[in-house]
Structure formats: structure tokens, C-alpha cells
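A.B. asks: Model the following, please.
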Amino acid sequence: MRAVTRLTWTAGMTAIALTIAACGGGDDGGTGGGNIVRASWGDPPRPIEPANTNEVQAGKVLDMIFRGLKRYDPETGEAENMMAESIETDDQRTFRITLEKGWTFSDGSKVTAQSYVDAWNYGAHIDNAQIGSYFFQFIEGYEDVHPSDENAEPTADTMSGLEVTGEYSFTVTLTEPFSLWPETLGYAAYSPLPRLFFEDHDAWLAKPVGNGPYKIESYTRSQSMKLVRYEDYAGDDKAQNDGVELRVYTDNNTAYTDLQAGNLDLIDDVPASQLANAERDLGDRYINQPAGIVQTVSFPLYDPDWQGDDARIIRQALSMAINREEITERIYHGTRTPATDFTSPVLGDEGGYEDDLCGELCEYRPEEARRMIREAGGLPGGSVTLTSNVDTGSHRQWMDAVCNNINNVLDDDNACTVNPVPTFADFRNRITSDEMTGMFRTGWQMDYPLIQNFLQPIFYTDASSNDSGYSDERFDDLIDQANAADDEEEAIELFQEAEELLIRDMPAIPLWYQNGTAGYSERLSDVKLNAFSVPVFTDIKVS
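C.D. replies: As a prediction, this is how the structure comes out:
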């Protein structure tokens, strides 16, 4: 939840928290004392499982209860070996993986090579309908278990590119050379799974079992999840607290109030209405730091009204109708920066970020926007809606501001109207059901800091997080070329060329780059956000 960033790689998780009206007042939820961290949370829209998650809230849990072959350094985002003792290759296509011994799942069973191979085959198979199946597409045999033809049946149960060679070793053969493939393996979809997952799937979904520093003690939908330290955890990032209670909130203003009242220890999404006061209220217990997050609004390109050259011109014009500078300054108080591309400044120039790729199309040019919309025949149906959940993320404020911008540019109070959806789960269900008819909020929290992750999962044809339905053969071809490039510099140039096509077609409008914000109570110390704006729960100490 998310994300969330590699060279042929995957989806992250579109961001953003939720949280519970039931939390308020002085109730400590039953676990308020001791060394338990009480944190705000948003209930995920679907059951939590590694290959079926592409949003931040479930991703936050996966990051606590699982560890994979790699882990992304909390400060730099760099991929480092975790369970992998070694990952070796002679041709950048076949990789020999050896696991560290001594790792166990929280049910006591051993983590072996078979735990990985079974998990990846499950995640890839079309019959299991995993939203992250796309992550496994570069493994040989993926097409056999997940045919691209929607009318075709799978011809195999497992991918031919996976082979267990020992209790703690296996090989992976890709369909083509991919030198940076190991860098993708810290993403949650590549987590191992215990036998319980396959033998009693319903029981596992009710109380997921992983191999990470925490294990789930209890989970009540729409209320809370309680995690406790896994005492037999084999990694070197052991939890420095007894556990975490994730409390669901439907209003992050309520979470902020509970934090101030001492009823909550940690929030990682300070509401926009409190940003001007957070430093005064919390002092050095307020965190505001750059993160690999970009906020956008997308268009439903599966809707005929948004197809064709005139619609493309209108999308470009709507981008120029938005006053990013004013919105980020007045609403977000230094926690957002106007976007000039679809990636993030945290990548740096060497990672593919370009600070003026969007050019005039991302500048506030009201007269030009008005002219272009009128010459293209006006807004589809005469008006446009802007849809988002409003339970978290302070989305109502910026949506009102964006619609006001558009209405002022077109001199029509009804040109743009806000369509608020009460919960994140409902909002995501509408998006995945292709029910959008106008603009809708999207965004990306990187999985790891590489340009590919901001492009392929979101805009490649039929990609796992391609909510707009964008499809362009030239874009896909450039992504494929970049993934196959031997040289990282060449790959980045190809990714940037692909991004230029996105600027031209504007399937989504880049709005702003988002900082990670958090606030915490006086009970906590050693609180920090990782490069993806997620709290590093294992490091937190409670006094």
C-alpha cells in the first residue's frame, strides 16, 4: 500500500490510508499500554495476500509479516539480500538462487525453496485471479499458466522457468535476458508462502501467516489488526517493540485528534487541514520528508467519450487548467511539489527523473486551456466529474480546488463537479470494474526507486495497475526495449522516450509529488519513514 519501483518490473501500490470512527475519546483499544505501537490504518479493500495486493494499506501489513529474497533499505530504497544467500547468473537470463537456512514461518514451518516456487506459481496462474500475476510475466512458462488470450485455457499448472534444485536452492529462467531482475525481488508479490496457504486457504486469509518480524494475533475487519513480535524471526531487523495495533479510521482528522489526546501513537498521513499546525503541535515528533510518490488524475480511456484526437487535446487542456503552484502552497504547506513528469524527484537525474519533461502542459495556462477545449468541441457531455474516496488523504480539499480551477477557466460553475466516494474500498471497486466516466484520482507509491516502476505497471497495455485502460504499441515496444537493454543508461533513455509518449497522450494528469508525513506520540522513539513513506515499525521503541 503500493506502490511500490525496477527494469521490467511491477506494480506498486496506489497509495493512501483510511481509518475508524470507532477510535476516539479515551479508549485505548485494549492494548494501549506496554510496548505496543498504536497506529492508524485503512482497512484493505480485499483479503491480504502477497500476489493480490497493489495498494498501500495491505502492503503495510505484508511489509511487517513477510520477508523475501531481497529487502529495500529503509533509507535509500536500495535492494539488499534478505533471505537470499546468493543470486548468481552467467547470462542474465537463468538465475541460481540459494537461500539462507534457519528461516521459519510464524506457524513454525520451514521456509524452503519450495515455499518460493509454490508461491510464485500460485501468483502467476490465471485461475487464482491474483491482481499481481503480472509480476511473474518474465518467467519462462508464464504464458502457459496465464495465457494472454482471454478465451484460451492454461496449458500447464506450473511455470517451466522455475525449478527446485535443493531444499534451499532453485533456478529461475526468464524469457529473455534481464540484468536487473534481481532488484525486483524485494517486492511483496515475490514473498514465500507456507503450506497452510494451499492446504486451508480460507484459514490463511482469515489470519495470514508469514516469515517476517511480526505475526498477526487477531484481525477484525473495519476495526483493527493486532500484530505481535515473532520471537523466532531469523532476520537481522528484529522488532524493537512488542507489537503493533493497526486501528482503522475512516477520517484521518479523527486519527490526528486521537494522537494529540494520547489515544494513538502514530499516524502516517497527516491531514491537509492540520499541516499548517503539525510542527507547532508536535515539534520534532512531526516528520515531513520526500518520498517516491506522485499524485495524478486519470481518464477512463475505455469510455468512447475520452477516445480520439479531440479528447486527447481536451485532456492536455485540463492539465493546463490546474494551478498546481497555488494548490500545493495553500493546501499542503510544503508537503507537495508541482509535478513535471510521471515519476518522482527521489529518482534523481541518474535514475530517470526529468524536471521539465511535461513542459507547458503541466503549467497553469488558463487562456490556452480555454481555447483548446473550445476548439476541440468542449468537454464530453458538456461537463466533467472528478472522483475520489474522501475518507483519507484530505482528497476533498484538493478536488474542490481542481474543479474550481477548471470552472474558472471555462467560466462555468458546473463544468467540473466533485464526486466523493465514502470509502477507499468502494472507490477501488468502482475503478477495477471500469465504472468511471470522468476524471478520477490515481497515484503511485514506488516499490523501488527505478523509472520503470512509475511507467510499466500503470501504462503498459493490460498492466496490473493500468486503471485508465491506456494502450499504445509504441509505448509498449519502448518499455520492452528498455527492459532488454544491457546498459542501464540506455535503458533509462528508452524509458524516458516512452514517458514522452505519455505526456503527448495524457492518459493521466501529473499533479504533484508527495512527501511522506507522520506524527507520533511522546511514548515513541526512533520513528522514521522509509523511502516509500511507510513507517519502519521494527525500529520503533516504546517507553
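A.B. asks: And the contacts of the lengthiest helix in the chain?
C.D. replies: Criterion DSSP state H: the longest helix present in the chain is helix 488-505. For helix 488-505, the surrounding residues in contact (C-beta atoms under 8 Å, 6 or more residues apart in numbering) are 7, 180, 312, 315, 341-343, 350-352, 354, 357-359, 361, 451-452, 455, 459, 470, 472, 474-475, 478-479, 481-483, 485, 508. Just so you know, the C-beta spots here come from the backbone N, C-alpha and C atoms, and that holds for glycine as well.
A.B. asks: 7 Å instead, please
C.D. replies: Under the criterion C-beta atoms under 7 Å, 6 or more residues apart in numbering, residues 7, 312, 341-342, 352, 354, 357-358, 361, 451-452, 455, 459, 472, 474-475, 478-479, 481-482, 485 lie in contact with helix 488-505.
A.B. asks: Now that helix - C-alpha only, CSV.
C.D. replies: The C-alpha coordinates for helix 488-505 follow below in CSV (Å, rounded to 0.1, in the frame of the first residue of the first chain):
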residue,chain,number,x,y,z
GLU,A,488,21.3,0.9,-17.5
GLU,A,489,21.9,4.2,-19.1
GLU,A,490,20.5,3.0,-22.4
ALA,A,491,17.5,1.6,-20.6
ILE,A,492,16.7,4.9,-18.8
GLU,A,493,16.9,6.7,-22.1
LEU,A,494,14.3,4.3,-23.6
PHE,A,495,12.1,4.7,-20.6
GLN,A,496,12.2,8.4,-20.9
GLU,A,497,11.3,8.2,-24.6
ALA,A,498,8.3,6.1,-23.6
GLU,A,499,7.4,8.7,-21.0
GLU,A,500,7.4,11.4,-23.6
LEU,A,501,4.6,9.5,-25.3
LEU,A,502,2.6,9.6,-22.1
ILE,A,503,3.0,13.4,-22.0
ARG,A,504,1.7,13.6,-25.5
ASP,A,505,-1.3,11.3,-24.9
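A.B. asks: What pairs with whichever helix or strand comes after that helix, parallel or antiparallel?
C.D. replies: Per DSSP states H and E, the first helix or strand lying C-terminal to helix 488-505 is strand 508-520. If you go by DSSP bridges, strand 508-520 pairs up with strand 266-267 (antiparallel), strand 286-298 (antiparallel), strand 336-338 (antiparallel).
A.B. asks: Between those, which one is closest to residue 422.
C.D. replies: When these are compared by C-beta to C-beta, strand 286-298 sits nearest residue 422, at 19.1 Å.
A.B. asks: buried residues in that closest one?
C.D. replies: 286, 287, 288, 290, 291, 292, 293, 294, 295, 296, 297, 298 (16 or more other C-beta atoms under 10 Å).
A.B. asks: if we can go back for a sec, can you say which of the contacts of helix 488-505 are buried?
C.D. replies: With burial judged by 16+ other C-beta under 10 Å, the buried subset of these is 7, 312, 341-342, 352, 354, 357-358, 361, 451-452, 455, 459, 472, 475, 478-479, 481-482, 485.
A.B. asks: which ones are touching residue 368?
C.D. replies: Residue 368 makes contact with residue 320 under the criterion C-beta under 7 Å, 6+ apart.
A.B. asks: which SSE is it in?
C.D. replies: Here residue 368 sits within helix 366-375, counting by DSSP H and E.
A.B. asks: On the C-terminal side of that helix, identify the next helix or strand.
C.D. replies: With elements assigned by DSSP H and E, the helix or strand that comes after helix 366-375 is strand 384-389.
A.B. asks: buried ones in the next helix or strand after that following strand?
C.D. replies: Note on strand 384-389: by DSSP H and E, the next helix or strand toward the C-terminus is helix 395-410. Within helix 395-410, the residues scored as buried using 16+ other C-beta under 10 Å are 395-403, 405-410.
A.B. asks: show me the contacts for the residue nearest to residue 413 when sequence neighbours are not counted.
C.D. replies: Nearest non-adjacent residue to residue 413, counting by C-beta to C-beta, 6 or more residues apart in numbering: residue 407, 5.3 Å away. Each residue near residue 407 by C-beta under 7 Å, 6+ apart is listed here: 413, 415, 416.
A.B. asks: May I see the ChimeraX selection of the buried members of the residues you listed?
C.D. replies: Buried residues among the contacts of residue 407 (16+ other C-beta under 10 Å), as a ChimeraX selection:
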select :415,416
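A.B. asks: Now render the contacts of residue 407 as TSV, adding secondary structure.
C.D. replies: What follows is the contacts of residue 407, written out as TSV (DSSP: H, G, I helix; E, B strand; the rest coil):
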residue	secondary structure
413	coil
415	coil
416	strand
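A.B. asks: what would the contacts of residue 407 look like in TSV with distance to residue 174?
C.D. replies: As requested, the contacts of residue 407 are exported to TSV (distance: C-beta to C-beta, whole Å):
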residue	distance to residue 174
413	55
415	49
416	46
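A.B. asks: tell me which of the contacts of residue 407 is nearest to residue 184?
C.D. replies: Distance to residue 184, by C-beta to C-beta, is smallest for residue 416 among the contacts of residue 407, at 38.6 Å.
A.B. asks: Pretty sure residue 409 is one of the things the closest one touches, is it not?
C.D. replies: No. Look at residue 416 against residue 409 with C-beta atoms under 7 Å: they stay out of range, at 9.4 Å.
A.B. asks: and for the two, which residues touch both?
C.D. replies: Counting by C-beta under 7 Å, 6+ apart, nothing touches both residue 416 and residue 409.
A.B. asks: Run through the bridge partners of residue 518.
C.D. replies: Under the criterion used (DSSP bridges), residue 518 bridges to residue 287.
A.B. asks: Local confidence estimate at it?
C.D. replies: If you check residue 518, the pLDDT there is 97.
A.B. asks: Report how many residues lie close to it.
C.D. replies: When neighbours are counted by other C-beta atoms under 10 Å, residue 518 registers 25.
A.B. asks: Equivalent analysis for residue 487, please.
C.D. replies: Residue 487, neighbours per other C-beta under 10 Å, totals 9.
A.B. asks: quick one: low-confidence parts of the stretch 351-500 of the chain?
C.D. replies: 392-393 (pLDDT under 70).
A.B. asks: Where does pLDDT dip in this structure?
C.D. replies: 1-33, 392-393.
A.B. asks: Quick check: closest non-adjacent residue to the residue lying farthest from the centre of it.
C.D. replies: Computed with C-alpha atoms, centre = their mean, the residue of the chain farthest from its C-alpha average is residue 375, at 37.2 Å. Leaving out its chain neighbours, the residue that sits closest to residue 375 by C-beta to C-beta, 6+ apart is residue 313, at 7.7 Å.
A.B. asks: With residue 193 instead?
C.D. replies: Closest residue in space to residue 193, ignoring its immediate chain neighbours: residue 119 at 3.9 Å, by C-beta to C-beta, 6+ apart.
A.B. asks: Likewise for residue 346?
C.D. replies: Nearest to residue 346 is residue 292, by C-beta to C-beta, 6+ apart, at 4.7 Å.
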